[in-house]
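Trainee: Need a 3D model of the following:
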Amino acid sequence: MNRIKKYAYLIFILLLLVPVAQRFFKVFTIKPLNHEAEVTYYPDFYFQTWLNGDYQLFTEAYINNNFGFRPFLVRLINQFDFSVFSKSNGRDVVVGKDRHLFFSYNIESYLGINHMCRDSMEMIMQRTAQMIDTLKNHNIELLFVIAPSNAFYFSDKLPAAYKKIKPQPNQYEFYRDKALEFDMNFIDFNKWFLDMKDTVQYPLFPKYGTHYTYYSAAMVADSMVKYMEHISGSDFPDIIFDSVNIEPVHDLENDLGQLANLLLPLQRELLPWPVLSFDTAGKTRPRVLTVGDSFYWPVANLQIPNQVFTGLDYWFYNTTVWPQSFSNYTLAKDISLGEKLNNLDFIVIYSSATLLYTHMYGFIDRLYYYYCEPETYARQYYARYYAQAYTKWFYAILASEEWKEQIKEKAKQNHRSYYHQIHVDIDWMINNSKP
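Mentor: Next up is the predicted model:
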């Protein structure tokens, strides 16, 4: 009996050491978790960070995210919860009827239970209507596109808990009605998808994805281009559907399934993939800037903008600029709006029906201040320019020993601290080299 206890104790100790061995020696190759921000930096020890608790906090985060077999164990518990309780541990991911997956905030937007400031939405739509007229005077058409949402399309598949909630007026209805009231150039693809849901040959949304299928994206793009032709009176390249292949889902069509981080893969759906060609002979390719959310990515991935427009010009959430950010991370706020507007035929605001609360991602406000309150826009632009220039000069000074010595000498002469003198010098340089 004692021998059995010893062996059991030894096995127990070895099991405890296995994760340690995996942590340091990577005995087994384990696939990392999808879409998780890894904590790979072990914090440096400083007395101050020890006293204020930051060192302990970051050390704990590092250890919790890097112990051996963590991805496997997380997937194991996720799989148990999903299989037994129909529960997803993915961030904001919920499981509906027949195991359909949704983002919880999309459902809340559909039900009208998330926060909406009607006065703010009214103002942004008034400004949008005003910008449509202003841009038209500069030979630029602004098009407002409402992309569909799976919360609307699969409303019959919502989790049972949400079906107990009485739907309220939602933001989609508000924006749609205001677009009609102000007679905007806009396309409501959310309504279009709902109207043809029972008659289409292929599914328009995947079961485990928040975005529409690539086939749906091609349909949306084709209709959008035709509408742009209508309002401009020009002849743009035609999108030709040569054939449709039935293929296993692609990553973007399975994004919620990936976020669930399950041990066993979900059943791979077979979905339509459009085989496209483009008739560009004798056609005009418009210069188009699209400001929108992730629903424009399937259109971009199909290379439609590169074939129909002058190229991909996409401000993702009015934050990052593509395709530039593929090679050099570029922010929309750093792009000169005046120069951009001088080279455009269309601006497309492209937003999912359940993400309209972002108020066009701040882009409409930027347009408004540029045209209607130029002094406010100039102050905003100068504040961004000053912050960027200050950072550039500050690190340039720290990188030069000779420059630092000159500033130290100047600080003594002026009876200032070293960093105060740096600030004075940088401020002078910026104000004497304003763009």
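
Trainee: List the residues that contact the closest residue to residue 296 other than its chain neighbours.
Mentor: In this structure, residue 296 finds its nearest non-sequential neighbour in residue 350, 4.8 Å apart by C-beta to C-beta, 6 or more residues apart in numbering. Every C-beta, even on glycine, is put in place using the N, C-alpha and C of the backbone. Applying C-beta atoms under 8 Å, 6 or more residues apart in numbering, we find residue 350 in contact with 145, 147, 290, 291, 292, 293, 295, 296.

Trainee: Just list the residues touching the residue lying closest to residue 90 once chain neighbours are set aside, thanks.
Mentor: Spatial nearest neighbour of residue 90, excluding adjacent residues (C-beta to C-beta, 6+ apart): residue 259 at 3.8 Å. Shown in contact with residue 259 (C-beta under 8 Å, 6+ apart): 34, 35, 88, 90, 91, 93.

Trainee: domains of the chain?
Mentor: Listed domain ranges for the chain are 2-77, 93-372, 380-431 (source: automatic domain parsing).

Trainee: one step back: which of the contacts of residue 259 scores worst on pLDDT?
Mentor: Across these, the bottom pLDDT score, 73, is held by residue 35.

Trainee: Residue 256 is in contact with that residue, correct?
Mentor: No: contact criterion C-beta atoms under 8 Å: residue 35 and residue 256 do not qualify, at 10.4 Å.

Trainee: Neighbour count: these two, which is higher?
Mentor: Between residue 35 and residue 256, residue 256 has the larger neighbour count (other C-beta atoms under 10 Å), namely 25 against 11.

Trainee: Quick check: of the contacts of residue 350, which lies closest to residue 318?
Mentor: Closest to residue 318 out of the contacts of residue 350 is residue 291 (5.3 Å), distances taken as C-beta to C-beta.

Trainee: show me where the stretch 151-300 of the chain has helices.
Mentor: Using DSSP state H, counting those that start in this stretch, the helices found in the stretch 151-300 of the chain span residues 171-181, 189-196, 214-232, 255-260, 297-301.

Trainee: so residue 108 makes contact with residue 114?
Mentor: Yes: using C-beta under 8 Å, residue 108 is in contact with residue 114, at 4.3 Å.

Trainee: where exactly do the strands run in the stretch 51-200 of the chain?
Mentor: With DSSP state E, counting those that start in this stretch applied, the stretch 51-200 of the chain shows strands at 93-95, 101-103, 141-147, 186-188, listed in chain order.

Trainee: meant to ask about the stretch 201-350 of the chain
Mentor: 238-248, 270-279, 288-292, 314-316, 320-322, 346-352.

Trainee: Figure out which of these is closest to residue 189.
Mentor: Across these, residue 189 has its closest neighbour in strand 346-352 (9.5 Å, C-beta to C-beta).

Trainee: could you give the angle of that closest one to helix 171-181?
Mentor: Interaxial angle of strand 346-352 relative to helix 171-181 (axes from the mean of the first three to the mean of the last three C-alpha atoms, to 10 degrees): 150 degrees.

Trainee: Next, residue 88: phi, psi?
Mentor: Backbone torsions for residue 88, taken as degrees, to the nearest 10, come to phi -110, psi 140.

Trainee: Was I right to think it contacts residue 99?
Mentor: No: using C-beta under 8 Å, residue 88 is not in contact with residue 99, being 9.7 Å away.

Trainee: With neighbour numbers in mind, choose between these two.
Mentor: Shown here are residue 88 and residue 99; by other C-beta under 10 Å, residue 88 has more neighbours (23 against 16).

Trainee: quick one on the thing from earlier: how far away is the residue nearest to residue 296 from residue 272?
Mentor: Using C-beta to C-beta, to the nearest Å, residue 350 is found at 22 Å from residue 272.

Trainee: ditto for residue 349
Mentor: Counting by C-beta to C-beta, the gap from residue 349 to residue 272 is 28 Å.

Trainee: more neighbours, the two?
Mentor: residue 349 (23 against 20).

Trainee: what's the pLDDT at that one?
Mentor: 95.

Trainee: just residue 24 next, same as before
Mentor: On the pLDDT scale, residue 24 gets 64.

Trainee: now residue 377
Mentor: For residue 377, the model assigns a pLDDT of 67.

Trainee: Let's see stretch 309-327 as CSV, backbone CA atoms only.
Mentor: C-alpha atoms of stretch 309-327 as CSV (Å, rounded to 0.1, in the frame of the first residue of the first chain):
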residue,chain,number,x,y,z
PHE,A,309,-12.5,51.6,-59.2
THR,A,310,-9.1,53.2,-59.5
GLY,A,311,-8.0,50.9,-56.6
LEU,A,312,-8.6,50.1,-53.0
ASP,A,313,-8.9,53.2,-51.0
TYR,A,314,-10.4,52.1,-47.7
TRP,A,315,-10.4,53.9,-44.3
PHE,A,316,-11.3,51.1,-41.9
TYR,A,317,-13.5,52.6,-39.1
ASN,A,318,-12.0,56.0,-40.2
THR,A,319,-8.8,54.8,-38.4
THR,A,320,-6.4,52.8,-40.5
VAL,A,321,-5.8,53.4,-44.2
TRP,A,322,-5.7,50.5,-46.7
PRO,A,323,-3.9,49.3,-48.8
GLN,A,324,-1.1,51.5,-47.4
SER,A,325,-1.3,49.8,-44.0
PHE,A,326,-0.3,46.4,-45.6
SER,A,327,3.2,47.7,-45.8
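
Trainee: For the stretch 301-435 of the chain, give me the ranges with low pLDDT.
Mentor: Regions of the stretch 301-435 of the chain meeting the criterion pLDDT under 70 cover residues 359-360, 377-389, 432-435.

Trainee: ok, now which ones touch residue 182?
Mentor: Shown in contact with residue 182 (C-beta under 8 Å, 6+ apart): 125, 126, 128, 129, 132.

Trainee: Just the buried ones from those, in PyMOL syntax?
Mentor: Selection command for PyMOL covering only the buried members of these, criterion 16 or more other C-beta atoms under 10 Å:
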select buried, resi 125+128+129+132
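
Trainee: Of the contacts of residue 182, which belong to helices?
Mentor: 125, 126, 128, 129, 132 (DSSP state H).

Trainee: Now do residue 9: how many residues are near it, please.
Mentor: 10.

Trainee: before we move on, back to that, let's have the strands of the stretch 51-200 of the chain in TSV, adding mean neighbour count and distance to residue 154.
Mentor: Below are the strands of the stretch 51-200 of the chain laid out as TSV (neighbours: other C-beta atoms under 10 Å; distance: least, C-beta to C-beta, whole Å):
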stretch	mean neighbour count	distance to residue 154
strand 93-95	21	12
strand 101-103	24	7
strand 141-147	23	15
strand 186-188	20	18
